[in-house]
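S.K.: I would like to see how this sequence folds:
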Amino acid sequence: MAGSELTNVKSPRVKAARRLTKRAFRDRDRAFLAEGPQAVREALRLDGVVMELFTTAEAAVRHADLLAEATLKGVPRHRASGEVMAELSQTVTPQGLLAICRFVHVPLDEALDGDPALVAVLAHVRDPGNAGTVLRTADAAGAGSVVFTDASVDPYNGKCVRASAGSLFHLPVTTGAPVARAVAALKERGLRVLAADGAGTRTLDDVDLSGPTAWIFGNEAWGLPPEILELADDVVRVPIYGQAESLNLATAAAVCLYASARAQRAR
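M.R.: Next up, the predicted model:
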């Protein structure tokens with residue numbers, strides 16, 4: 001581990017890392033923070049993504065395998081005091097392991113090159129925890145890519161990265177695409193574009209999900225605006241069999257994505 005322990009929270013190295021908690025600096029540096037052993041482990045599996053690694057003495061012992069892997073890949077490592085790690089961490093209880101990573105953004109056309117059979121599109125999704133959970137669910141359901149449109153939260157937001165539980169590093173993630181352009185590209189690749197919205201006249205029980213499908217998920221509070229609903233091939237709602245008013249975004253997305261995944265595999 002290079003150098004002595006970092007103990008000064010105002011040191012240039014710590015301040016440079018800390019500023020990546022703000023989107024303007026992430027966009028400028030094309031870098032973000034990935035915190036915790038799960039995120040670091042998945043990031044290290046991608047060559048050239050991890051730029052630096054910070055760890056406390058305790059975490060270095062606990063996760064010696066990750067430090068060994070970082071060393072093999074030539075990743076600079078810094079031992080940090082608990083105070084410094086608390087300064088860098090965005091969690092109440094820091095896990096003592098944090099990486100500075102390069103953006104893993106993939107251009108829209110490139111993300112669709114493999115003709116994915118299942119794609120999740122986040123339109124006007126503002127809550128980073130929800131966005132990260134949808135990304136994780138899309139990964140688990142076998143989606144080929146996830147699209148964060150230009151009006152949605154930054155996928156490199158710390159809460160979003162944590163909620164994705166490493167899935168950010170598993171599949172192509174596109175950011176900043178206008179919804180209309182994303183929908184047009186999806187349709188050109190032969191995907192049926194479905195908008196998930198409580199106002200849908202059809203339910204999951206009424207639609208054939210066995211073909212290539214892209215799901216558009218909207219804002220947590222007000223759903224999808226009319227102009228986006230009009231872009232979709234169909235507007236579909238999750239059926240509510242009990243007395244609940246609705247499902248939250250992440251849960252509805254999980255139901256829709258798994259319904260498609262199961263239908264495609266059954267075919």
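S.K.: run a quick neighbour tally on residue 147.
M.R.: 29 (other CB atoms under 10 Å). The C-beta positions use only the backbone N, C-alpha and C, and glycine is treated the same way.
S.K.: show me the contact partners of the helix or strand harbouring it.
M.R.: Remark: residue 147 resides in strand 145-149, with elements defined by DSSP states H and E. Among residues not part of strand 145-149, those counted as contacts by CB atoms under 8 Å, 6 or more residues apart in numbering are 106, 108, 111-112, 116, 119-125, 131, 134-135, 138-139, 154-155, 171-179, 182.
S.K.: before we move on, what about stretch 36-48?
M.R.: Outside of stretch 36-48, the residues that reach it under the criterion CB under 8 Å, 6+ apart are 34, 49-50, 53, 59, 63, 66, 69-70, 73, 75, 91, 95, 97-99, 101-102, 104, 161-162, 165-170.
S.K.: got a quick ChimeraX command for the buried subset of the contacts of strand 145-149?
M.R.: ChimeraX command restricting these to the buried ones, with burial defined by 16 or more other CB atoms under 10 Å:
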select :106,108,111,112,116,119,120,121,122,123,124,125,131,134,135,138,139,154,155,171,172,173,174,175,176,177,179,182
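S.K.: filter the contacts of strand 145-149 down to just the ones in helices.
M.R.: When these are checked against helices (DSSP state H), the matches are 108, 111, 131, 134-135, 138-139, 179, 182.
S.K.: out of those, which is nearest to residue 219?
M.R.: Using CB to CB, residue 131 is the member of the ones in helices among the contacts of strand 145-149 that sits closest to residue 219, with 11.1 Å.
S.K.: separation between the closest residue to residue 97 other than its chain neighbours and residue 197?
M.R.: With sequence-adjacent residues excluded and distances taken as CB to CB, 6 or more residues apart in numbering, residue 97 is closest to residue 59, at 4.7 Å. Remark: distance between residue 59 and residue 197 (CB to CB, to the nearest Å) = 44 Å.
S.K.: so between these two, which is more surrounded?
M.R.: Taking other CB under 10 Å, residue 59 and residue 197 do not tie; residue 59 has more neighbours (23 against 20).
S.K.: these two touch, right, that one and residue 95?
M.R.: Yes - under the criterion of CB atoms under 8 Å, residue 59 makes contact with residue 95 at 6.7 Å.
S.K.: show me where the protein has its strands.
M.R.: If you assign secondary structure with DSSP state E, the strands in the chain sit at 2-6, 31-35, 50-55, 77-80, 97-102, 118-122, 145-149, 173-177, 192-196, 202-203, 213-217, 234-237.
S.K.: what packs against the fourth one?
M.R.: In other words, strand 77-80. The contact analysis (3 or more CB pairs under 8 Å, 6 or more residues apart in numbering; DSSP states H and E) places strand 77-80 against strand 2-6, strand 50-55, helix 64-72.
S.K.: identify the residues contacting the residue nearest to residue 97.
M.R.: Neighbours of residue 59 in contact, by CB under 8 Å, 6+ apart: 37, 95-97.
S.K.: can I get those in JSON lines including pLDDT and distance to residue 234?
M.R.: Conversion of those to JSON lines gives the following (pLDDT from 0 to 100; distance: CB to CB, whole Å):
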{"residue": "37", "pLDDT": "94", "distance to residue 234": "42"}
{"residue": "95", "pLDDT": "90", "distance to residue 234": "43"}
{"residue": "96", "pLDDT": "92", "distance to residue 234": "48"}
{"residue": "97", "pLDDT": "95", "distance to residue 234": "44"}
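S.K.: who wins for most neighbours among the residues you listed?
M.R.: Neighbour counts for those (other CB under 10 Å) peak at residue 97, which has 27 neighbours.
S.K.: distance of that residue relative to residue 227?
M.R.: From residue 97 across to residue 227, the span is 43 Å (CB to CB).
S.K.: contacts only, for residue 249.
M.R.: Shown here is residue 249, whose contacts under the criterion CB under 8 Å, 6+ apart are 125, 127, 130, 134, 217-218, 220.
S.K.: and the strand holding residue 147, which residues are buried?
M.R.: 145-149.
S.K.: look up which residues are beta-bridged to the residue nearest to residue 173 when sequence neighbours are not counted.
M.R.: In space, residue 173 comes closest to residue 146 once its chain neighbours are excluded; the distance is 5.2 Å by CB to CB, 6+ apart. Here residue 146 sits in beta bridges with residue 120, residue 173, as judged by DSSP bridges.
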